[in-house]
Every structure is written in structure tokens, then in C-alpha cells.
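Asks: Build the 3D model from these lines:
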Amino acid sequence: MNKRLSHTPPHFPFEEPPFSLSMGLLKVPSSEWFEIYDLKERALQLAAKRKFLASIHADVFMADASALKASIDTLNLMLVNLTTYQPDLYSLEDDSITLKPHKGFKGEKISIDLNMIHPLDLAAKLVQEDLIVMLPPNENQKGWWLAAGSLAFPSRWSLKKKFRKTMDDIHTPVPLYEDQLKTPTNNFFNQMPCDQIFARCNWSLHDTPSLRQDGTKPIAVKTSINSKNAGERLWLRVERQTIRKLKGTGAVLFTIRIHIHPLKEIVEIEGVAKRLNKAISILPTETQEYKQIKTFANSVKEYLEQF
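Replies: Residues are numbered from 1 along each chain as shown. Okay, here's the model as predicted:
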């Protein structure tokens with residue numbers, strides 16, 4: 001059985017000086033492809049995902065027909081991985097997979113009938129992670145492009161707006177992407193070995209703990225967040241992404257796992273406040289604006305200096 005992560009937040013991906021934009025990839029074993037932080041959080045996130053899939057399915061799930069084979073491969077890989085490394089939470093029968101009950105989660109048996117549901121849609125119901133399938137360039141797409149996705153918990157972006165766009169077009173809003181990340185990212189995708197799993201993390205500070213943030217409600221320019229209330233008003237939001245190239249299709253599968261922690265709690269962990277303060281200090285202005293923290297960055301730094 002895969003060892004559970006402790007209640008200490010597992011990721012603090014804060015930049016160290018000097019600042020530079022990089023992919024920041026680490027190779028991870030198959031046992032760490034999917035993260036289970038704690039069972040209470042798992043129950044809450046699975047319930048939230050089901051709510052969004054039921055109420056706004058067209059906003060959460062989209063798939064181009066050309067992504068079907070890659071989606072089937074994704075589902076098959078996940079079925080094997082989850083039942084191998086998390087047998088206390090998953091069991092596989094001939095035509096169904098069972099998500100076993102635990103405190104806060106009543107359990108669920110899901111039929112594996114691909115005549116009734118798209119394989120990527122089904123796969124996304126099994127885990128807390130969102131799933132994105134990128135296909136390689138073709139006669140109609142000049143670069144790697146987003147061909148399918150189940151995105152219940154976006155961090156200020158919309159699947160509808162990014163669907164069928166190339167990776168370079170998707171990252172147009174990211175400061176320094178063109179100069180520092182475009183070439184290495186495309187080279188990595190082209191040369192990535194199959195069946196190795198790579199992981200990376202990014203962070204920001206949000207004024208809401210909401211899991212789904214599709215970018216329709218940006219933080220107001222004028223904010224009431226100050227050095228006295230920052231701990232109560234802000235949450236650290238970390239995206240842990242994994243990247244895996246699939247055999248056969250050569251597609252690249254992204255998983256995106258969201259971790260959300262109240263700022264007032266993480267500053268109690270030794271060294272975190274100083275690291276976050278330093279990371280904010282070295283962020284270029286355009287990166288602070290992209291992360292939507294510029295309006296309260298100085299207030300947060302003042303708050304962090306207390307620890």
C-alpha cells in the first residue's frame with residue numbers, strides 16, 4: 001500500500017534567488033503518480049468534483065475525437081495504478097471499479113462501460129486530480145495542443161477558452177514564457193520518454209479557498225487585505241502537476257492536483273514564512289501581476305515578517 005502523506009502540507013514550491021522561470025521537473029515513481037493527502041480532504045474533493053461534473057459538465061469536460069485512444073490508454077493506466085498502489089481504496093472487477101468507503105466517503109461502484117461514458121470522463125471521477133490530454137503537432141496544429149480535459153478545479157483559467165489551443169497559445173499570458181520556457185518546454189515534450197512520470201509544482205496566494213476558480217472573478221484591484229488580516233484572508237494554493245507521455249499515441253497526459261492551505265496555518269510551520277517572504281520579494285512585477293498578488297504583496301510581506 002502507498003504510504004499516506006502526513007498532515008503537514010507536502011509542497012512549498014517557493015522560488016529561491018535569483019528568480020528564473022523553469023519547468024522545475026522531478027522524476028517520480030509510479031506509486032506517487034496520484035496524491036492522497038488525507039482521507040477527509042479526499043472525500044471533500046471527490047464530492048466537489050462530482051457536483052461540478054453533474055451541474056456544469058459542459059464546462060468541466062471537453063474532448064476532441066482524436067483524443068479517444070489516448071483517453072482509453074489513460075483510463076487503463078489509472079485502473080492498474082490505483083488498484084496496485086491503493087488497494088485499500090480501489091478494487092477492480094471485470095466491468096467495474098469500486099472506490100471503497102472510508103470516513104466521510106460512502107464509496108462508489110463505477111461501471112466501466114465506454115459506450116455510456118467517455119474514458120477520460122470516467123478516469124477523472126476516480127481521483128482528486130484533474131486530467132488534461134495534449135496531442136502532438138499535426139497538419140492542423142503547429143504545436144502540442146489541448147485535445148481533451150476534465151478540469152473541475154481550475155486555477156483562474158477556463159477549459160472552454162483553452163480547448164484545442166496549442167501549448168504556446170495557452171501560455172501566452174505567462175510572463176517570460178516566450179523567452180525562458182517556450183523552447184525547453186517544447187523540446188522536453190518532443191523528447192520525453194514514455195512511461196516515465198515527471199512532477200512539478202507552482203504556487204499562488206488566493207483570497208478564497210474555493211476549489212473551482214475559472215477566472216471569471218479576479219481579485220479586485222483595490223483590496224482590503226493588509227498586514228493585520230492577511231493570515232485570515234488568504235490561502236496558499238499549490239498545483240502539483242505530473243506529466244507522462246503515453247505509448248502508442250505519443251500523447252502527453254497532465255494530472256493537476258490542488259492543495260489549499262490557510263496562510264495563518266502554514267506560517268506556523270518552521271521556515272515557511274521566511275521562504276514565502278523571500279519568494280514574494282524576488283518575483284518580477286509582471287509575475288506578481290500574473291499571480292494576482294501585486295495589490296497585497298507588501299502587506300503579506302509585513303505579515304510574514306512577524307514569524
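Asks: For residue 264, the count of nearby residues, please.
Replies: Residues lying near residue 264 (other C-beta atoms under 10 Å) number 15. All C-beta atoms are positioned from the backbone trio N, CA, C, and that covers glycine.
Asks: How about the secondary structure of it?
Replies: Per DSSP: H, G, I helix; E, B strand; the rest coil, the secondary structure class of residue 264 is helix.
Asks: Can you give me every residue that contacts it?
Replies: Each residue near residue 264 by C-beta atoms under 8 Å, 6 or more residues apart in numbering is listed here: 231-232.
Asks: any idea how far it lies from residue 232?
Replies: Plainly put, residue 264 is 6 Å away from residue 232 if you go by C-beta to C-beta, to the nearest Å.
Asks: what's the answer for residue 112, then?
Replies: In this view, residue 112 and residue 232 are 45 Å apart by C-beta to C-beta.
Asks: can you pull out the strands in the stretch 1-150 of the chain?
Replies: Counting by DSSP state E, counting those that start in this stretch, the stretch 1-150 of the chain has strands at residues 26-28, 61-63, 90-92, 96-99, 108-111, 130-135, 145-150.
Asks: Of those, give the one that comes closest to residue 292.
Replies: strand 130-135 (20.1 Å; C-beta to C-beta).
Asks: Pick out the residue closest to the middle of this protein.
Replies: residue 256 (2.3 Å; C-alpha atoms, centre = their mean).
Asks: so that residue sits in a strand?
Replies: Yes: counting by three-state DSSP, residue 256 is part of a strand.
Asks: Surely it and residue 130 touch.
Replies: Yes: assessed by C-beta atoms under 8 Å, residue 256 is found in contact with residue 130 at 4.4 Å.
Asks: intersection of neighbour lists for the two?
Replies: What both residue 256 and residue 130 touch, as defined by C-beta under 8 Å, 6+ apart, is the set 151, 153.
Asks: Which other helices and strands does the strand or helix carrying residue 200 contact?
Replies: Using DSSP states H and E, residue 200 sits in strand 197-206. Packing partners of strand 197-206 (3 or more C-beta pairs under 8 Å, 6 or more residues apart in numbering; DSSP states H and E): strand 26-28, strand 235-245.
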